[in-house]
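A.B. asks: structure, please.
(4 chains)
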Amino acid sequence: MNEARLLARGLAVSRGRRQLFRDIDIELSSGDALHVTGANGSGKTTLLRILCGLTQADSGQVFWRGENYGQSPEPLHGELAYLSHHNALYGDLTARENLALAPALNPTPAAITGILNRLSLKAQADLPTRVLSQGQCRRIALCRVLLQQATLWVLDEPLNSLDSGSQTLLESLLDQHLENGGMAVLTTHQPLSLAGAGQILCLDSEVAG
Amino acid sequence: MIEFLNMGGYGAYVWSAYGIGFVVLLANVRSARAYYRKQLARAIARRQDSNT
Amino acid sequence: MTTLNGILIRQLRRELLLAYRRRGDALTPLLFFIIVITLFPLGISPEKVLLQQFGAGALWIAALLASMLSLQRLFTTDHGNGVLEQLLVTPCPLSFLLATKLMAHWLSSGLPLVFLSPLLAEPFGLEWSTYPALVAGLLLGTPVLLIIGAISAALTVGLRGGGLLLTLLTLPLYVPVLIFGTGAVMAVSRGMSAAPHLSLLGAMCLVSLTFGPWLTALALKISLD
Amino acid sequence: MRIWLPLQRLVSARYFFEFSSRILPWLGWVTLLILLTGLGWGLFYAPTDYQQGESYRIIFIHVPSAWMSMFAYMVMAGCSAIFLIWRIRIMDLFATSTAPIGASFTLIALATGSLWGRPMWGTYWVWDARLTSELILLFLYFGVMALRAAIDEPRRQGRAVALLTLLGVVNIPVIHFSVEWWNTLHQPASITKAAAPSIHLSMLIPLLLMALGFTLLYLYMALQRTQGAIIEQEIDSTWLQERLSNNTIETEGGTGK
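C.D. replies: Next up is the predicted model:
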């Protein structure tokens, strides 16, 4: 199994006649983080979805561990944690139930309690998530990402509706993830201070490609 | 001629059947060609704008 | 990291837990089923001899409409909260996940119809002898209705006015199931055997079960592209 | 499985445009000629039917349009399959153009069918197997057109409608069989199956002429509409601009009926 590397060559996407971006090359190996910036509508989410194998670029290839996963992303999905704008939580289920029955992970109850405490959600653990605030729901979604123990994190605006305390907590979690060999691609509007030297990719049209 | 139009008493049905058929098909032909000409006009207008 | 059937079992538990938490929702199609059935005698006639004529048809039309009503619940919540996207990102093939989801949905919305219908057949003057044909027909027919509906629901997920569009897409495809389902009951009430109708329904059920989840997955991938 | 040849897609759009611009005018005239001869033959020349008198002449429009309603759906399904598998953009455009035409033929078949039935059966609508299947086919057309209208993003629209069309085409034989079977079960004795008179040569020829005429007319209308769609889609492409500059495109786009 060759070592974990995410590669993208010459990615280009256009919506209708408007070209979002072209000739995007990405190279991430373990310990690297890529911070994608750009104005609203510059295609950040589309790029992330392409990297997750959720959608196809108009041209260009994507490789995970040397394998092109454009057509069959299953191998990547085994090692991917994707956080989109939605938190993927059921309002009727409690935080604990949402994490216990989430599609891609099989955590032990102790792990769930541990992670919920770590993100200071102890009091909210057994409440239906519909009564919780956006910030709390976002943190539950972050718990899911952590529980997945995935090699590659793809986070779309992870800091959305998070207070400053949670923001610093996320930064330390990210640092820790990168230290033990993980990789991350994320988009944020607020500045993010990471320990390692993160790569920056700006998608604004006059700069891109 | 009258005999022919009368269609042995079934004139009303025969001619309304062909009438409906003719009207619907003509509408289709015209709408197809109108759509074609409309796009052509837009394309030509677009070309003139880009030239000037 | 997580075995395939581990994911599927958890998916089934989650769907059933959700259905249980939302059991009020599961009741609405059943109440709808009962209300629609009572409309037929009011609208047509309460006389027994007539009731026996259109009783089977009324039951089947009500079952068909009730199962279509519950289709809207299938993907809209999961699309809204982003769980559908998460399903696309699991290592497990989407069609397996959807097969589990459809089975859970059938258990909560299709199966109750099958058990409820004999209780309501009696007021329609249908003799006891027709009940097995009615129940067998519904048992084989409701999965077909569900799968045709699931594919259309997947195609229309996230569209404005999706509910009405869903009915327009599914109803024409429901005609064969309605004809053979009603035919089975009417055959028995005329003393003939319902075997041909049930075998045709069975064939449709098998075809739907084999290709349904894969087609629904394809439709979802198109919609969420 | 997917052949991803952008060049192939681009070329086929341009080649298709050249091809149809050339044949459209001829197609228009040939269609008109065939339709006029078929119509003339059927209405004037074909002998009166001993059983139904003159009203049988409606078959020269009813049978070809019923046949076309099915043929158009099959062509649409073929285009959808090719588009889903190989993503050839022209197939999606052609399927889009076919839907309203197929629905129109179905409407004509239904209207002429009920008008033809009126003198014989005394009612405009009779739950006859063929007319009922035709009605359900009309619903399938409306479903396809409604879904296409409901989806705005071009990326999703083509593939979603293609899948629905294929789902429909698979169900058509099942629907026909079940309606046929349902009809024989509830067949009231009075409506004889021999609604269509025994066709002998002098009636068959105009019928086939009309069927051929309708097929060509469908092709003419579909090509014309697809031309418009190509222009709309390729409006900024260089090859189209060149074509416009040396204005070899006749603005008339062929006359035809």
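
A.B. asks: how near is the closest residue to chain A within chain C to residue D:130?
C.D. replies: Nearest to chain A, among the residues of chain C, is residue C:82, at 2.5 Å (C-beta to the nearest C-beta). No exception for glycine: its C-beta is placed from N, CA and C like everyone else's. From residue C:82 over to residue D:130 the distance is 48 Å, taken as C-beta to C-beta, to the nearest Å.

A.B. asks: can you give me the pLDDT of the residue of chain C closest to chain A?
C.D. replies: You'll see residue C:82 listed with a pLDDT of 92.

A.B. asks: now the residue nearest to it when sequence neighbours are not counted: phi and psi?
C.D. replies: Distance criterion C-beta to C-beta, 6 or more residues apart in numbering or on different chains; nearest residue to residue C:82, sequence neighbours excluded, is residue A:86 at 2.5 Å. When read as degrees, to the nearest 10, the backbone of residue A:86 gives phi -80, psi 150.

A.B. asks: what about residue A:86, how many residues close to it?
C.D. replies: The number of residues packed near residue A:86 is 17, by other C-beta atoms under 10 Å in any protein chain shown.

A.B. asks: kindly report the same for residue C:128.
C.D. replies: 9.

A.B. asks: report pLDDT for it.
C.D. replies: Confidence for residue C:128, expressed as pLDDT, is 87.

A.B. asks: repeat for residue A:123
C.D. replies: 89.

A.B. asks: I'd guess it is in a strand, am I close?
C.D. replies: No: using DSSP: H, G, I helix; E, B strand; the rest coil, the assignment for residue A:123 is coil, not a strand.

A.B. asks: surely the residue nearest to residue C:82 and residue C:84 touch.
C.D. replies: No: in this structure, residue A:86 is not within contact of residue C:84 by C-beta atoms under 8 Å, at 9.3 Å.

A.B. asks: the residue of chain C closest to chain A: what's it in contact with?
C.D. replies: Contacts for residue C:82 were tallied using C-beta atoms under 8 Å, 6 or more residues apart in numbering or on different chains; they are A:84-88.

A.B. asks: is the lowest-mean-pLDDT helix or strand in chain C up against chain A anywhere?
C.D. replies: Ranked by mean pLDDT, DSSP states H and E, the weakest helix or strand in chain C is helix C:4-21, scoring a mean of 86. Yes: with C-beta under 8 Å from any C-beta of the partner chain as the criterion, chain A is reached by helix C:4-21 at C:6-7, C:10-11, C:13-14, C:17-18, C:21.

A.B. asks: does anything pack onto that helix? Which helices or strands?
C.D. replies: With contacts taken as 3 or more C-beta pairs under 8 Å, 6 or more residues apart in numbering or on different chains; DSSP states H and E, helix C:4-21 sits against helix A:95-100, helix C:94-105.

A.B. asks: swap in 6 Å and give it another go.
C.D. replies: Using 3 or more C-beta pairs under 6 Å, 6 or more residues apart in numbering or on different chains; DSSP states H and E, the elements in contact with helix C:4-21 are helix C:94-105.

A.B. asks: next, the angle from the helix it packs on to helix C:4-21.
C.D. replies: Relative orientation of helix C:94-105 versus helix C:4-21 (axes from the mean of the first three to the mean of the last three C-alpha atoms, to 10 degrees): 30 degrees.

A.B. asks: and helix C:94-105 with chain A, contact?
C.D. replies: No: under the criterion of C-beta under 6 Å from any C-beta of the partner chain, helix C:94-105 makes no contact with chain A; the nearest approach is 7.1 Å.
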